[in-house]
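Peer 1: Starting from these lines, generate the structure:
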Amino acid sequence: MLSPPGSPPKSADTAPSTAAPAPAPAGPSPAARPDRRGGWLIVLALLCTAPLVLHAHLPNRVGNLGSLVQTLLPWVGLGVPVLLALSLGLRSRRGAAATLLPAVVWAALFTPELTDRSGARGGTGTLTVLSHNVDEDNPEPVRTARALAAADADLLALEELPRDPSVYVRELAAYPYHRVHGGVGLWSRYRLTEVAPVEIMPWTRAVRATVHTPKGPVAVYAAHLASVRVSPFAGFTTGRRDEAGRLLAEAVRAEPLDRVVVLGDFNGTHRDRALAPLTSGLRSAQREAGDGFGFTWPAAFPVVRIDDVLVRGLAPQASWTLPATGSDHLPVAAALRP
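Peer 2: So this is what the prediction gives:
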């Protein structure tokens with residue numbers, strides 16, 4: 001058969017081509033693609049780390065920002081699981097790696113406080129003290145007073161007592177010595193002398209007494225510092241509390257006895273720099289001999305420890321919180337050894 005004029009000759013050995021078209025150049029594999037989502041997670045990790053590292057340097061001139069951050073500092077750690085969850089959800093290796101920074105810093109700051117540092121709670125020569133803001137509006141004062149009596153402490157310091165404290169006087173009758181000044185009262189197994197108010201506010205919010213223990217006299221201060229306020233306009237308002245703390249610190253520094261216990265509701269934590277005039281010369285029983293953070297307020301879901309036992313010249317053996325009473329605070333207790 002002849003080919004049409006102008007057509008190229010066909011070869012019997014030539015077959016029609018069946019080869020597939022060449023594939024398009026492949027893009028980078030998912031593993032090789034840059035993690036563009038990790039950048040803002042790194043920024044969030046740095047923002048989470050900043051208050052942990054810089055809390056002591058945050059200014060208090062505007063809204064007492066430094067004091068507020070220091071009060072809530074342990075809760076900054078909640079940012080770590082949030083960042084980790086975001087990193088996993090976005091499959092961001094850079095974000096997950098960045099989360100290690102606030103996690104390591106938080107652990108370095110707070111792991112010592114999460115361990116159990118307590119020893120024996122009683123024993124020969126140990127002075128067991130208990131402090132509780134009983135809440136003036138407590139709807140169950142009888143239950144509260146009986147719970148305190150059952151705690152079997154050697155010394156009780158009660159703050160925010162009602163104007164008529166007769167319920168507490170009756171239910172704590174097993175204690176042979178007690179004195180009440182304003183809203184603050186002391187109940188003791190051991191003799192109390194030199195009981196007098198400490199002027200830290202216009203009305204009585206602190207008391208000083210000498211407790212004659214079997215190991216010798218101990219100066220005891222029970223105090224309820226002024227409340228603080230948090231508002232979006234004024235920030236963290238602590239002026240009256242700070243002034244009361246300064247006056248209490250002056251009294252404690254002038255104390256002639258070597259062994260001193262200061263306990264009560266300080267409306268602030270030991271980290272709050274504004275309370276440093278008081279806390280810097282004393283040791284926190286919870287920090288030295290507690291188990292965990294020992295948060296005390298609010299009782300329904302405690303988030304801060306504003307009730308504490310501070311000492312000088314005594315060794316904390318154990319520190320703990322008691323179960324909720326009818327108050328909005330949890331009671332705190334400590335075993336102290338001369």
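Peer 1: For the lowest-mean-pLDDT helix or strand in the chain, which helices and strands make contact with it?
Peer 2: When each helix and strand of the chain is scored by mean pLDDT, DSSP states H and E, strand 229-231 comes last, with a mean of 80. Contacts defined by 3 or more C-beta pairs under 8 Å, 6 or more residues apart in numbering; DSSP states H and E place strand 229-231 against strand 235-237. For every residue, glycine as well, the C-beta is placed using N, CA and C.
Peer 1: Please name every helix or strand in contact with the strand it packs on.
Peer 2: Against strand 235-237 (3+ C-beta pairs under 8 Å, 6+ apart) you get helix 65-71, strand 229-231.
Peer 1: what does the first one contact?
Peer 2: By C-beta atoms under 8 Å, 6 or more residues apart in numbering, the residues outside helix 65-71 that reach it are 51, 55-60, 76, 230, 235-236, 238, 268-269, 271-274, 304.
Peer 1: Distance from the chain centre to the next helix or strand along the chain from it, please.
Peer 2: The helix or strand immediately downstream of helix 65-71 is helix 79-89, counting by DSSP states H and E. How far helix 79-89 lies from its chain's middle: 23 Å, per C-alpha atoms, centre = their mean, to the nearest Å.
Peer 1: list the helices and strands helix 79-89 packs on?
Peer 2: helix 38-54, helix 93-114.
Peer 1: Show me which residues of whichever helix or strand comes after the last one are buried.
Peer 2: Going back to what we said before, that points to helix 93-114. Sequence-wise, the next helix or strand downstream of helix 93-114 (DSSP H and E) is strand 127-133. For strand 127-133, burial by neighbour count (16 or more other C-beta atoms under 10 Å) applies to 127, 128, 129, 130, 131, 132, 133.
Peer 1: again with stretch 252-266
Peer 2: Buried residues in stretch 252-266 (16+ other C-beta under 10 Å): 252, 259, 260, 261, 262, 263, 264, 265, 266.
Peer 1: so for it, what's the average pLDDT?
Peer 2: Throughout stretch 252-266, pLDDT has a mean value of 98.
Peer 1: what's the answer for stretch 184-202, then?
Peer 2: 97.
Peer 1: Between the two ends of it, how far is it?
Peer 2: Terminal residues of stretch 184-202 are spaced 14 Å apart (C-alpha to C-alpha, to the nearest Å).
Peer 1: how about it: buried residues?
Peer 2: By 16+ other C-beta under 10 Å, the buried positions in stretch 184-202 come out as 184, 185, 186, 187, 188, 189, 190, 192, 195, 198, 200, 201.
Peer 1: And stretch 88-107, by the same measure?
Peer 2: 90, 92, 94, 95, 96, 98, 99, 101, 102, 103, 105, 106.
Peer 1: send the alpha carbons of stretch 45-62 over as PDB?
Peer 2: Listed next in PDB are the C-alpha coordinates belonging to stretch 45-62 (Å, rounded to 0.1, in the frame of the first residue of the first chain):
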ATOM      1  CA  ALA A  45       6.100  30.800  75.400                       C
ATOM      2  CA  LEU A  46       8.400  33.800  76.000                       C
ATOM      3  CA  LEU A  47       5.400  35.800  77.400                       C
ATOM      4  CA  CYS A  48       4.600  32.900  79.700                       C
ATOM      5  CA  THR A  49       8.200  32.700  80.900                       C
ATOM      6  CA  ALA A  50       8.700  36.500  81.400                       C
ATOM      7  CA  PRO A  51       6.700  36.800  84.700                       C
ATOM      8  CA  LEU A  52       8.400  33.800  86.200                       C
ATOM      9  CA  VAL A  53      11.800  35.300  85.500                       C
ATOM     10  CA  LEU A  54      11.100  39.000  86.000                       C
ATOM     11  CA  HIS A  55       8.400  39.100  88.700                       C
ATOM     12  CA  ALA A  56      10.800  40.700  91.200                       C
ATOM     13  CA  HIS A  57      11.500  43.500  88.700                       C
ATOM     14  CA  LEU A  58       8.000  44.300  87.600                       C
ATOM     15  CA  PRO A  59       7.000  47.800  88.800                       C
ATOM     16  CA  ASN A  60       4.600  48.400  91.600                       C
ATOM     17  CA  ARG A  61       4.100  52.100  90.700                       C
ATOM     18  CA  VAL A  62       1.200  51.400  88.400                       C
END
